[in-house]
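**Student:** Could you look at this predicted model? Sequence included:
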Amino acid sequence: MVATAAAVGGANSPSVFERRFDLDGQGCSDIQWTVDMDNRELLLSWKSTAGAEWTAFGITNFGTMKGADMAVVKYMYDNTDSGGSFMVEDRYSKNASMPQLDVLQNVELLSAEYDQDDRMVVVIRRPLDSCDSHDIKVEPHKQYIICSSGQLEGEELSYHGPARSSGVVNFMVDEDLLFDQGFETPLANSTKMELSDGVLARGNVDTATSPFPVDIQMRGLKLDPQVVTHYVCATFDLPMDLRFASVEDVWDDGRTTNGSDTNSVFHHMHLHYCDDPELVEPEHQDGTPWDCFDKMPRCGIKASYAKGTGKNTVPSGLHFELPKGKYILQVHYENPFHKPIVNDRTGMRVWVQPPALMTRTSSAGLLQFDALHDSIHIPQDPEQKELTFQFQISADATREYVPDGGVLVFGSLFHMHLLGSRGRVELIRDGERIQTVYRSMSYDYDRQVPDWNRWRLMPGDAVVITCTFTPLKDQDVHGGFRTLDEMCGVHMGTAPGIPNLARAMGAFVKPNEPFLNSFMGPAVVNARMLNYSSYNFLPNPADRSYDTKTGFGENLCHTMVRAKMHPSTFEFSDAALCAQLVMLGAFFFTRLLSWRPVAKQLCIDSPDRRTRRNSIVYIGELLFSSVALPMACVTLVQMFPDNGYYNAVDPNTYRFMRGLVTMQCILYILELFYRIQVRVSLVMHHVLTVSATIAIYALENHTYSDVAYKFGSTLLLLAFTEQPLYIVLLLRNIGYRERNPKGFSRMCKLSTAVFIASRIVVIGLLIALVIQQSDESSSAWRVRNESFSEWWNRSDSAVSPAFVNGITLTLTCGILCANVFAAKALLHMAKTKKNIDSQSAEKEDVEVTKEVETRPTSSAVSSDESICRSVEVDYAV
């Protein structure tokens, strides 16, 4: 698989880490890490439970397996004396099921062993941002993490059961050191103050010096258990201004979500602030709960909470305002199992700052981006293929409402219903998509927690929201408030809050359709009051004219994935440096062999300059190809199989192969300049080889797949298996043909057989590679289509397998045609001297005589030199 190790460790495996964290649960322990900002990597260590055969650590969108990006370390038994070995896999999970193997492997195992307590102790390395759409970036804000351990069933993971842990941590910044903001649960006998009917403070409002909870709860509610979905509202009065920084659910007499203790009948709730009391109907002023399913509150939202998330705390340095006045608590009850709901006191607990103390934090606000319900229609599909819709908030809308300095979005939360699969939010500025500001790999209706990613919304920015759904097999679904209906919205926390603004809306369109008008306005306008004619901001960007090709995403991903974030480190595949080194080495090599004492010892001190130069080329190619051939074979064996994934953490194989290909092509070009009277067949061969390499690099640049490396490595075997030809030509040039005609003839015949056999092998490999790459489900194309779908797979750059195979085979045929001339040359030289055509030999003697006569007069040639001298025919390819 990706990486194996048997109790491995080394220089790359750190023994001391900068940070540590304790998870809740029994799945893992001793989480430690270091963020390497120079290389943009996370070095992470943890311990499994005792006796575990696998352990997994993941960053997740929701704190569960849904939308999780995981590194799985397994101990595989191999039935040998050594016992087995460790291996790591990069996996991801869209649902609460077996995580899938990622096409692009981005995790590296640095060390793994069992300690004295029989626990796995592992150290891994992963990039902070792999640019893989199945991976979650490590960012400077709080992120949800999970860790689990278990046993293997063969080579697959078995269910971990209770051996799982979870937590929330900021990998890059220790927020607890920046702000001392603790939320200690009050004791049962602590001070309680009833601020108003249904509003209870669990602390002394006048003398408190640390945050304390204020509970706002329903007043003994009874609901019909036969009705699945209820939206219930009730009004409350807050007699003073408060500031809160954390929110959670509460029911009964102060129970809150903690481990397995959860409120099973509610789904989410909103706390609305009515700055104008007339927004509340007179019949609802007394606090009596009412069914608000058909008429949602018109007041702005000050706080929101969804079930299963525990305590949600805003980033340090921020708080939300709760002004004195009238509030509406809206609770969405979801009761699919028809449980009796009697005397229900579901409510919201907000942790407020001491009112008597001056705050050290800044005020924040909430903003909603929603798809217009009337535009949502998800048709049934027996195959349940995912369906993607988009809506946009135009640049004109944000230009009117967003303040000049913009606002910081510090938290985002998607809201869909049961069909929701995943979503993303893209920021368009000046017609260019500059960033995907929020991306959820999956969606969990039962665990809607905010993502604390931070980005800035400026006036004039357009925002495109994308929601993907999995249709039902036999029923259409439309937009609405019921759980069986659908929604698409993003709730965001902003700093500062935007006055007179709480909602922005747009209509759903498909990705290939133009956007429609959008709406942005105060909270009194809700989804049921809007229609298409009420939109007051023109579509922008119109007709999807924004540029999706430029911006920080592509450039940064290109740097991190290709250059491995080592821009200052020389890589063997660096074309510019490689070219300079090859040319410098070729210069010194030819000068050395041209030095008379060296040339005399090698028997290439011929008075024929063409012969001498060609002999130097033969020696150089023999040396380079003989060293490179075994390396190329080993590399090809590693790369050629289609393993279903691309190993991005170990690209050295590909880099080294690219370096060999580049060096061979440079040598071919230099060779054409160095030789004298080069034959057309040789020029054709070298030019076609270089052209094939350029074409492969161009295709690789548009697909980011290993297909280019596989084709390049296979074609390179044609160059690295020309030793038989060079040996024969060199032996001929140093006079071996004249001294031993029969031996030279046998050598030529043997070389011809080896030369042709090597071409047959290469042709077979090319055929196998074409068959492999013709399948669009091969790893080469899956890497492009899946792992880089958000920033790489664009319609103007997508390259089909047929096009790649066609271009490569066309150039390969030309190269093989040039090889035919080489085979003919070997067969011609296989004839003994007596059988050589006398007229051809006489013509060659005349050519040599002419060249000698044109050279400056020199001393007599010794008998030893005459033995070395030969006639150059140059059939070389």
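**Tutor:** Cool, the structure landed. Here the structure is a predicted model, which is why all the values come from computation and not from measurement.
**Student:** What strand or helix carries the closest residue to Glu400 other than its chain neighbours?
**Tutor:** Nearest non-adjacent residue to Glu400, counting by Cβ to Cβ, 6 or more residues apart in numbering: Met520, 7.0 Å away. The way it works is simple: take the backbone N, C-alpha and C, and place the C-beta from them, glycine included. In this structure, Met520 is located in strand 518-521 according to DSSP states H and E.
**Student:** average pLDDT for that strand?
**Tutor:** The pLDDT scores in strand 518-521 average 86.
**Student:** Torsion angles phi and psi at the closest residue to Asn643 other than its chain neighbours?
**Tutor:** Leaving aside its chain neighbours, Asn643 sits nearest to Ser779 (6.4 Å; criterion: Cβ to Cβ, 6+ apart). Main-chain dihedrals, Ser779, degrees, to the nearest 10: phi -60, psi -30.
**Student:** Could you do Ala96 as well?
**Tutor:** Torsion angles, degrees, to the nearest 10, at Ala96: phi -80, psi 70.
**Student:** Near the closest residue to it other than its chain neighbours, how many other residues are there?
**Tutor:** Nearest non-adjacent residue to Ala96, counting by Cβ to Cβ, 6+ apart: Met65, 4.9 Å away. By other Cβ atoms under 10 Å, the residues close to Met65 number 24.
**Student:** residues contacting Met65?
**Tutor:** Contact partners of Met65, counting by Cβ atoms under 8 Å, 6 or more residues apart in numbering, are Gly58, Ser93, Asn95, Ala96, Ser97, Pro99, Ile146.
**Student:** Is it correct that the first one is in contact with Cys147?
**Tutor:** To tie it back to what came earlier, the one meant is Gly58. Yes: look at Gly58 against Cys147 with Cβ atoms under 8 Å: they come within range, at 7.3 Å.
**Student:** Pretty sure Met781 sits against Pro801.
**Tutor:** One thing to correct before we go on: residue 781 is Trp, not Met. Yes: the criterion here is Cβ under 8 Å, and Trp781 meets it with Pro801 at 6.3 Å.
**Student:** who touches both of those two?
**Tutor:** Contacts common to Trp781 and Pro801, judged by Cβ under 8 Å, 6+ apart, are Val707, Gln773.
**Student:** Comparing those two, which residue is more hemmed in?
**Tutor:** Shown here are Trp781 and Pro801; by other Cβ under 10 Å, Trp781 has more neighbours (22 against 19).
**Student:** ok, that one to Val707 distance?
**Tutor:** Trp781 sits 8 Å away from Val707, going by Cβ to Cβ, to the nearest Å.
**Student:** Could you tell me which residues touch both of those two?
**Tutor:** With Cβ under 8 Å, 6+ apart, Trp781 and Val707 have common neighbours Gln773, Pro801.
**Student:** gap between stretch 415-423 and the chain center?
**Tutor:** Averaging C-alpha positions (Cα atoms, centre = their mean, to the nearest Å) puts stretch 415-423 22 Å from its chain's average.
**Student:** Ends of it, what's the gap?
**Tutor:** Across stretch 415-423, the terminal residues are separated by 10 Å (Cα to Cα, to the nearest Å).
**Student:** quick one: buried residues of it?
**Tutor:** Within stretch 415-423, the residues that count as buried by 16 or more other Cβ atoms under 10 Å are His415, Met416, His417, Leu419, Gly420, Ser421, Arg422, Gly423.
**Student:** now stretch 636-648
**Tutor:** For stretch 636-648, by 16+ other Cβ under 10 Å, it's Leu636, Met639, Phe640, Asp642, Tyr645, Tyr646, Asn647, Ala648.
**Student:** what sits against the fourth one?
**Tutor:** This points to Asp642. Going by Cβ under 8 Å, 6+ apart, Asp642 touches Gln772, Ser778, Ser779, Ala780.
**Student:** so which of the residues you listed comes closest to Asp115?
**Tutor:** Nearest to Asp115 among the contacts of Asp642 is Ser779, at 35.9 Å by Cβ to Cβ.
**Student:** Touching, that closest one and Val103? I think so.
**Tutor:** Yes: with contact defined as Cβ under 8 Å, Ser779 reaches Val103; the gap is 6.3 Å.
**Student:** hmm, back to that, narrow the buried residues of stretch 415-423 to those in strands?
**Tutor:** Here DSSP state E is the test, and the buried residues of stretch 415-423 give His415, Gly420, Ser421, Arg422, Gly423 as lying in strands.
**Student:** tally of neighbours for Arg503?
**Tutor:** 22.
**Student:** what about the residue nearest the centre of the chain, which SS state?
**Tutor:** When Cα atoms, centre = their mean is applied to the chain, the residue found nearest the centroid is Asp132 (1.1 Å). Under DSSP: H, G, I helix; E, B strand; the rest coil, the three-state class of Asp132 is coil.
**Student:** what sits against it?
**Tutor:** Asp102, Leu104, Asn106, Ala648, Ser787, Phe788 are the contacts of Asp132 under Cβ under 8 Å, 6+ apart.
**Student:** and of those residues, the nearest to Asp252?
**Tutor:** Asp102 (43.7 Å).
**Student:** mind giving me the domain split of this structure?
**Tutor:** 3-178, 193-360, 366-556, 588-601+608-642+652-786+802-841 (automatic domain parsing).
**Student:** Distance from the first one to the middle of the chain?
**Tutor:** The reference is to domain 3-178. 17 Å.
**Student:** How about the shortest one?
**Tutor:** Average the C-alpha atoms of domain 193-360, do the same for its chain, and the two points are 39 Å apart (Cα atoms, centre = their mean).
**Student:** So for that domain, first residue to last residue, what's the gap.
**Tutor:** Note: domain 193-360 ends 25 Å apart using Cα to Cα.
**Student:** what's the spacing between the strand holding Met520 and its chain's center?
**Tutor:** On the basis of Cα atoms, centre = their mean, strand 518-521 is displaced by 34 Å from the centre of the chain it belongs to.
**Student:** what's that strand packed up against?
**Tutor:** Secondary-structure packing of strand 518-521 (3 or more Cβ pairs under 8 Å, 6 or more residues apart in numbering; DSSP states H and E): strand 387-393, helix 395-401, strand 503-506.
**Student:** Single out the most deeply packed of those.
**Tutor:** For the helices and strands packed on strand 518-521, the largest average neighbour count (mean count of other Cβ atoms under 10 Å) is found in strand 503-506, namely a mean of 26.
**Student:** Tell me the strands beside that one, with direction?
**Tutor:** Here strand 503-506 has these sheet partners by DSSP bridges: strand 362-371 (parallel), strand 518-521 (antiparallel).
**Student:** Identify, by residue count, the longest helix of this protein.
**Tutor:** helix 741-773 (DSSP state H).
**Student:** Tell me the helices and strands packed up against the very next helix or strand once past that helix.
**Tutor:** For helix 741-773, the succeeding helix or strand toward the C-terminus, using DSSP H and E, is helix 779-782. With contacts taken as 3+ Cβ pairs under 8 Å, 6+ apart, helix 779-782 sits against helix 707-720.
**Student:** and the nearest residue to Cys633 once chain neighbours are set aside, what pLDDT?
**Tutor:** Nearest residue to Cys633, sequence neighbours excluded (Cβ to Cβ, 6+ apart): Leu717, at 7.9 Å. For Leu717, the pLDDT comes out at 85.
**Student:** which residues touch Leu717?
**Tutor:** By Cβ under 8 Å, 6+ apart, the residues touching Leu717 are Leu629, Ala632, Cys633, Leu636, Ser758, Val761, Val762, Leu765.
**Student:** ok, now Gly203?
**Tutor:** Pro186, Ser190, Thr191, Met193, Phe212, Pro213.
**Student:** Out of the residues you listed, who's the most crowded?
**Tutor:** Pro213 (23 neighbours).
**Student:** So it, which state does it fall into?
**Tutor:** The assignment at Pro213 comes out as strand when based on three-state DSSP.
**Student:** Now do it against Val770, distance only.
**Tutor:** Counting by Cβ to Cβ - Pro213 and Val770 are separated by 67 Å.
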